[in-house]
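Q: Model the following, please.
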Amino acid sequence: MDRRVTKKGDDDASGKERPTLKTLAFMTGLGVTTVSRALKDAPEIGAETRRRVQLVAKQIGYRPNRAGVRLRTGKTNVISLVLNTEHELMSFVSDIIYGVTEVIADTPYHLIVTPYSRSQDPLDPVRYLVETGSADGVIISRTQPNDPRARYMLEHGIPFATHGRTDMGLVHPYHDFDNYAFAGEAVRYLAGRGRNRLALVTPPVGLTYYGHTVNGFADALSEVGASEVPFNTVSIDQSIEQIRTRTAQLMRRKDRPDGFVSSAAAATLAIVAGIEDAGLQLGRDVDVVSKQSSELLHLFRRELLVVNENFRLAGSELARAVLGWIGGKDPGSLQSLSTPSEVLPYRG
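A: Residues are numbered from 1 along each chain as shown. Have a look, this model is predicted:
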C-alpha cells in the first residue's frame, strides 16, 4: 500500500508532463544541482531556499523518478512488508500498515506488501526481494526462534526488522509485545477473581511468542497456586469453528476450567460461543482474559476481560527500526518491547 501513488496514464489524460528537476529549477530560478540538494535537505543549502524548493515541489506534485534514483544511488526507496495472507487478520494487517506509513510519509520511502500463502516456504518471498534487489529494507512477522529468513537477510546484509523476537544468538532489530508478561498478568487477575482452574489458548507452536506465552502462564500458575486444564488441541491459528467446537467439548466435562487466557481476539469470539454452546454463562461460570488490538470485544460481550496490544505502534516501531538500520544505526539499538496494559474489565 502506497499513499503516494501516481496512476499510470494520469499524465497523458491531463495533457501534462511529469514534473522534473528541470521543471523545479525553472520555477524557482535556481540551478538543477541546487534544487536536487535542497530536496535532500543538504545543510549547505540555506533553510529558506530548502523550504521554498520543497514547497514548490509539493505544489506541482514532483516525485523523484524511482528508476533514475536506483541508477544513481543503487537504492529503491522501497520498504517491503512480508505477510502471510492466510494467517494474518485484517485488523492486524491494516494497523501494521497504518503504523508503517505514518513513519515513512515524510521520507522518500514507499511501502509495498509482499504476500505469501500457506503453500509457500516463508523464505521464498524474502529470497525474491533480496535476489531481485526489490527493496532497501524488509519487515517480517510470525517470527520463529531459529528463523531462516532472519539468518538469510543477515548473511546477505539486508536491513530488516522482525515483528517478534528470534532466539538464534544473532543481533537484529525487532519490535515485540511482552507475551510472557501478558500471560502472567492474566493468570494473576483471574486468580484474584477466585478462578483456579485455567486453560490457555496458545499461539502456534512454532512461533517464538508461543514459548513466551506458555512460560508466562506456567510461572504465574505456580506463583498463585492455580492449576492448568490442558487445552493442547487448540491454537489461535485454527478456524473459528474448530475452536468453538473444542471449547464446547471441554466445557461439558466435569473438570472444566473456570478461566481462560486467550492469545487473540478472534479466538476469543469462538471460545465464548463454545462456552455458551455448553450452556454456561460468561462472567458467572467462567471468565476469559483476552488480548485485543481494537475496542471490539466489549461490544461483543461486556463480561470479557481484555489486555490491549497496539499493532499501529508495532508498525511505527518496525518502520523506524528498518529506516534506522538503513541510515547506519547499530541494529542492537533498534529493538523495542511493548509492555501489556493492565487487564481491563468493562467500565461502561
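Q: Only C-alpha atoms from now on, for both contacts and neighbour counts.
A: Will do.
Q: residue boundaries of the helices in the stretch 101-250 of the chain?
A: Using DSSP state H, counting those that start in this stretch, the helices of the stretch 101-250 of the chain run over residues 123-132, 148-155, 179-192, 208-224, 240-251.
Q: Return the list of helices and strands in contact with the fourth one.
A: In terms of contacts (3 or more Cα pairs under 8 Å, 6 or more residues apart in numbering; DSSP states H and E), helix 208-224 is packed against helix 179-192.
Q: The helix it packs on to helix 208-224, inter-axis angle?
A: 30 degrees (axes from the mean of the first three to the mean of the last three Cα atoms, to 10 degrees).
Q: Break this structure down into its domains, please.
A: 19-63, 71-175+310-336, 177-308 (the TED database).
Q: With residue 342 as the reference, name the closest of the ones you listed.
A: domain 177-308 (6.3 Å; Cα to Cα).
Q: ends of that closest one, how far apart?
A: Length of domain 177-308, first residue to last, Cα to Cα, to the nearest Å: 10 Å.
Q: What's the mean pLDDT across it?
A: For domain 177-308, the mean pLDDT works out to 96.
Q: For residue 340, which three-state class applies?
A: Three-state call for residue 340 (DSSP: H, G, I helix; E, B strand; the rest coil): coil.
Q: now do residue 51
A: Strictly by three-state DSSP, residue 51 counts as helix.
Q: Let's have the domains of the chain in CSV, adding mean neighbour count and distance to residue 344.
A: Formatted as CSV, the domains of the chain follow (neighbours: other Cα atoms under 10 Å; distance: least, Cα to Cα, whole Å):
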stretch, mean neighbour count, distance to residue 344
domain 19-63, 15, 45
domain 71-175+310-336, 18, 15
domain 177-308, 19, 5
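Q: Nearest to residue 343, out of the ones you listed?
A: domain 177-308 (5.1 Å).
Q: just to revisit the earlier point, would you mind saying which of the helices of the stretch 101-250 of the chain lies nearest residue 170?
A: Closest of the helices of the stretch 101-250 of the chain to residue 170 is helix 148-155, at 8.1 Å (criterion: Cα to Cα).
Q: Kindly export that closest one (C-alpha atoms) in CSV.
A: Coordinates of each C-alpha in helix 148-155 appear next as CSV, following Å, rounded to 0.1, in the frame of the first residue of the first chain:
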residue,chain,number,x,y,z
PRO,A,148,15.8,-18.9,8.4
ARG,A,149,14.5,-15.6,7.0
ALA,A,150,16.4,-13.5,9.6
ARG,A,151,19.5,-15.6,9.2
TYR,A,152,19.3,-15.2,5.4
MET,A,153,19.0,-11.5,5.5
LEU,A,154,21.8,-11.1,8.0
GLU,A,155,24.0,-13.2,5.7
